[in-house]
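**Q** Just the structure for this:
(3 chains)
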Amino acid sequence: MEEIIKLKEVIEAALLTSSKPLSIDELQKLYEEKIDRSTIRMIIDELMIDWKDKTLDLVEVASGYRFEAKVKFTEHLMRMNPDRAPKYSRAVLEVLAIIAYRQPVTRGDIESIRGVALNPNAIRQLSEREWIDIIGVKETPGRPSLYGTTKHFLNDFGLKDLSELPDIQKFEEQLNLDLSDTQVLVNSVVKKSEDQKNTDQESYEE
Amino acid sequence: MEEIIKLKEVIEAALLTSSKPLSIDELQKLYEEKIDRSTIRMIIDELMIDWKDKTLDLVEVASGYRFEAKVKFTEHLMRMNPDRAPKYSRAVLEVLAIIAYRQPVTRGDIESIRGVALNPNAIRQLSEREWIDIIGVKETPGRPSLYGTTKHFLNDFGLKDLSELPDIQKFEEQLNLDLSDTQVLVNSVVKKSEDQKNTDQESYEE
Amino acid sequence: MENLSINPNLQAKIHGELIAEFPQDLYIPPDALEVYLESFEGPLDLLLYLIRKNNLDILNIPMLDLTNQYMAYVDKMKQVKLELAADYLLMTAMLIEIKSRMLVPKPEAAEEEGDDPRSELVRKLIEYELIKEASLNLNEIPQLGHDRFATENYFHKVVKTSFPEVSIDDIFDAWHNVVKRASQFSSHQIDRSELSVREHMSSILRKLENEEQVLFEDLFLKDEQPIQKLVVCFLAILELSKEMMIKIFQQGNNSKIYLTKI
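**A** Below you'll find the model as predicted:
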């Protein structure tokens, strides 16, 4: 009897100090001599009962047994381990900005504007947030998806429409970009430049 | 009374599930309302007594309190954890001892005590383990870094502070016994180590 | 003159076996020597070994004996493992210097405590021996992750799907950065077409997602559209077509114009 108590203590100590669940195979390694799996199983049953009214539960999970705090403590324990406010990476925000200001855009557009390959995670995160979605397909080789922002995006940012996004124009002027091709079409509401695409700018107005 | 028991359970659950030692400040976060530090300290004392005859010890280390398996289980638990952290070579241990007992020290100090060039690997290994850290700069030509041990080191060795390190003085005194003829010399050695012990980390700049 | 007890930790091993006696003639087989060398942490360690092994008094070291033994040893080392010798050679020089200073007769006045040429060496040896002892003691302390086991039990975390906070300014700043960066590379200039055109492009595409085709004029049918909006809408249609996002087609002259998804 003396010995069985000792074995039980060893198994309890092992389970309490393990950061991962322990299988019966692993628990057998506690002793040099072979201990019956059935003995270990019996001891685990006893421990489960011993701990019934204590702070932890001994439970069986896929890869073995582990102690876990009783659910009633979760609220307190979470208070001590607050989730750090998640943040989007710079890349994600830039992708969002490009889609917001340049929509509809393909992955290729985003990549060529940012000058780096697009991490699929950025698109995934923004889609999960329901801020962007696929609004069509571009008829170029590969038929890439076109991304745009959603109503949800406007709602979340309290915008009636995209024209309420902060105006980039002022800031572009600050950058001294060549604005000579600005066409005053309708009270400067519409400004169109195609200089980088080497297209004839007068084509629509005619 | 009901409430005090509940608080104790919460604190026990927190300590049993934490991956690092918990300070009283951290334990206070378990509740939204402020709990007296003295109440928590009292509960910790009670828990220490509660666990006295069980499988774990509740111990105080440098950055707080944690549960660890009682020493009698070490042999068994080591058997189950074959890929645990390595113990270090003599060279690394000597560097660690110099930093622990003589901190703050420069590379040059370490080299002069050991009488050999310092293998950068030793510093790297100890830094990676987060046992040592650069704690300042010595205002001498070259402004060499000063190394000291970390809280993490104390935690890993189960120490509350540096004064709990095994006493090097005792060994110094042992040496003294036969040294009556060169008392001056020995005094200087002993004095040096006393100076070090009395030197707080804050005063290393001087 | 009493001998200090020999620290058992100072004993050296070859192939796991304790060397009970330091070889008198200092002859060690070459491959054994390598193992032997590795068991010393440096010249101080070797000197301590010689002192303890030969029961020399560390506070009254017979410099001649010690220097001779040490040098014989270093000679052996030089033959086998030269690169180890630098620190050891430095020590040789120090030993010879101390030895020679001791041979020079001292004036009576200088014959005081602490003036022994050996004192610096002895201080170093004692300091090193202390540290060596301390390091062995340190290693006896159970270490977390090795032979000290702390609890780290599981608890169920409530995963709140909280999304990152983003403000409109964050988006603007991000766009700002994109444009600024792109403007530094002439090949990646950003076209500055008006946002409202872009927005209309999106909304036309969305419409086409739901309906197979849309009548061109339906896009302009809403009441009280200001002329600006109509123009913008028209530009959006042209732009979509040019960028090959939609097709515009007509059955014949003067028949209705339809937009369709590609």
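
**Q** C:Leu125 falls within a strand, correct?
**A** No: secondary structure of C:Leu125, determined by DSSP: H, G, I helix; E, B strand; the rest coil: helix, with no strand assignment.

**Q** Tell me who's in contact with it.
**A** C:44, C:47-48, C:51, C:58 (Cβ atoms under 8 Å, 6 or more residues apart in numbering or on different chains). Any C-beta I mention is one placed from the backbone N, CA and C, and that applies to glycine too.

**Q** Kindly report the same for C:Glu97.
**A** Applying Cβ under 8 Å, 6+ apart, the residues contacting C:Glu97 are C:Pro117.

**Q** Try it again at 10 Å.
**A** Listed by Cβ atoms under 10 Å, 6 or more residues apart in numbering or on different chains, the contact set of C:Glu97 reads C:67, C:117, C:121.

**Q** Would you mind giving the residues you listed as a markdown table with neighbour count added?
**A** Below are the contacts of C:Glu97 laid out as a markdown table (neighbours: other Cβ atoms under 10 Å in any protein chain shown):
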| residue | neighbour count |
| --- | --- |
| C:Thr67 | 21 |
| C:Pro117 | 16 |
| C:Leu121 | 21 |
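
**Q** just curious, which of these is nearest to A:Val95?
**A** C:Leu121 (68.3 Å; Cβ to Cβ).

**Q** Okay, the closest one and chain B: tell me how far apart.
**A** The spacing between C:Leu121 and chain B, counted by Cβ to the nearest Cβ, to the nearest Å, is 10 Å.

**Q** Not counting sequence-adjacent ones, nearest residue to that residue?
**A** Excluding its sequence neighbours, the residue lying closest to C:Leu121 (Cβ to Cβ, 6 or more residues apart in numbering or on different chains) is C:Ile98, at 6.1 Å.

**Q** Remind me which helix or strand the residue nearest the centre of chain A belongs to.
**A** Centre of chain A computed as the mean C-alpha position; nearest residue by Cα atoms, centre = their mean is A:Gln125, 5.7 Å away. Following DSSP states H and E, one finds A:Gln125 within helix A:120-128.

**Q** Now do the SS call for the residue nearest to C:Leu121.
**A** Three-state assignment for C:Ile98 (three-state DSSP): helix.

**Q** That one: neighbour count?
**A** Neighbourhood size, C:Ile98 [other Cβ atoms under 10 Å in any protein chain shown]: 21.

**Q** in chain A, what secondary structure element scores lowest on mean pLDDT?
**A** Least confident element among the helices and strands of chain A, by mean pLDDT, DSSP states H and E: helix A:169-174 (a mean of 58).

**Q** show me where chain A has strands.
**A** A:56-61, A:64-69, A:132-137, A:145-149 (DSSP state E).

**Q** Point out the most buried one among those strands.
**A** Per residue and on average, the most neighbours among these fall to strand A:145-149, with a mean of 23 (mean count of other Cβ atoms under 10 Å in any protein chain shown).

**Q** What is the distance between stretch C:93-105 and the centre of its chain?
**A** Between the centre of stretch C:93-105 and the centre of its chain there are 45 Å (Cα atoms, centre = their mean, to the nearest Å).

**Q** Actually, stretch C:49-68.
**A** Distance, stretch centre to chain centre, for stretch C:49-68: 43 Å (Cα atoms, centre = their mean).

**Q** any idea of the mean pLDDT for that stretch?
**A** Stretch C:49-68 shows an average pLDDT of 86 in the prediction.

**Q** neighbours around C:Gly145, how many?
**A** Count around C:Gly145 with other Cβ under 10 Å applied: 13.

**Q** Could you check the pLDDT of the closest residue to it other than its chain neighbours?
**A** Take C:Gly145 and drop its neighbours on the chain: the residue closest to it by Cβ to Cβ, 6+ apart is B:Ala85, 3.7 Å away. Looking at B:Ala85, its pLDDT reads 72.

**Q** what do you get for A:Ile40?
**A** Looking at A:Ile40, its pLDDT reads 94.

**Q** With C:Ile131 instead?
**A** So C:Ile131 comes in at 92 (pLDDT).

**Q** For the helix or strand where it lies, list every residue counted as buried.
**A** In the assignment (DSSP H and E), C:Ile131 maps to helix C:119-140. Within helix C:119-140, the residues that count as buried by 16 or more other Cβ atoms under 10 Å in any protein chain shown are C:119, C:121-139.

**Q** for stretch C:174-186, same thing?
**A** Of the residues in stretch C:174-186, C:174-176, C:178-179, C:181-182 count as buried by neighbour count, 16+ other Cβ under 10 Å.

**Q** show me which of those residues neighbour chain A.
**A** C:174-176, C:178-179, C:181-182 (Cβ under 10 Å from any Cβ of the partner chain).

**Q** one step back: tell me which of the strands of chain A approaches B:Val116 most closely.
**A** With Cβ to Cβ as the measure, strand A:64-69 is the member of these nearest B:Val116 (47.1 Å).

**Q** which ones are touching the residue nearest to C:Gly145?
**A** Contact analysis of B:Ala85 by Cβ under 10 Å, 6+ apart lists B:129, B:156, C:143-147.

**Q** How about the residues of chain A by chain B?
**A** Residues of chain A lying close to chain B (Cβ under 10 Å from any Cβ) are A:6-19, A:22, A:26-32, A:54-56, A:67-70, A:72-82.

**Q** mind listing the helices for chain C?
**A** Using DSSP state H, the helices assigned to chain C run over residues C:30-38, C:43-53, C:63-80, C:85-103, C:119-140, C:168-183, C:195-210, C:227-242.

**Q** is it true that C:Ala134 touches C:Ile141?
**A** No: C:Ala134 is beyond contact range of C:Ile141, at 11.1 Å (criterion: Cβ atoms under 10 Å).

**Q** shared neighbours of the two, which are they?
**A** Contact criterion Cβ under 10 Å, 6+ apart; residues shared by C:Ala134 and C:Ile141: B:165-166.

**Q** hmm, back to that, from C:Asp147, how far out is the residue nearest to C:Gly145?
**A** As judged by Cβ to Cβ, to the nearest Å, B:Ala85 and C:Asp147 stand 9 Å apart.

**Q** again with A:Lys52
**A** From A:Lys52 across to C:Asp147, the span is 32 Å (Cβ to Cβ).

**Q** the more surrounded of these two?
**A** For A:Lys52 and C:Asp147, the more surrounded residue by other Cβ under 10 Å is C:Asp147, and the numbers stand at 17 against 10.

**Q** check contacts around the residue nearest to the more buried one when sequence neighbours are not counted.
**A** Of all residues not flanking C:Asp147 in the chain, B:Thr74 sits nearest, at 5.3 Å (Cβ to Cβ, 6+ apart). B:Thr74 makes contact with A:13, B:68, C:142, C:146-149, according to Cβ under 10 Å, 6+ apart.

**Q** And the helices in chain A?
**A** Taking DSSP H as the criterion, chain A carries its helices at A:2-17, A:24-28, A:37-50, A:74-80, A:90-102, A:107-114, A:120-128, A:151-156, A:169-174.

**Q** Can you give the distance of the third one from its chain's centre?
**A** Average the C-alpha atoms of helix A:37-50, do the same for its chain, and the two points are 40 Å apart (Cα atoms, centre = their mean).

**Q** Show the pLDDT at the spatially closest residue to A:Ser145 that is not a sequence neighbour.
**A** Nearest in space to A:Ser145, with sequence neighbours left out and distances taken as Cβ to Cβ, 6+ apart, is A:Ile134 at 4.5 Å. pLDDT for A:Ile134: 92.

**Q** got it, and the one 5 residues further on?
**A** As predicted, A:Glu139 sits at a pLDDT of 84.

**Q** okay, now it: neighbour count?
**A** There are 15 residues near A:Glu139, going by other Cβ under 10 Å.

**Q** Next up, phi/psi of it, please.
**A** Backbone torsions of A:Glu139, given as degrees, to the nearest 10, read phi -80, psi 60.

**Q** Give me the below-cutoff pLDDT ranges for chain A.
**A** A:1-5, A:82-85, A:168-206 (pLDDT under 70).
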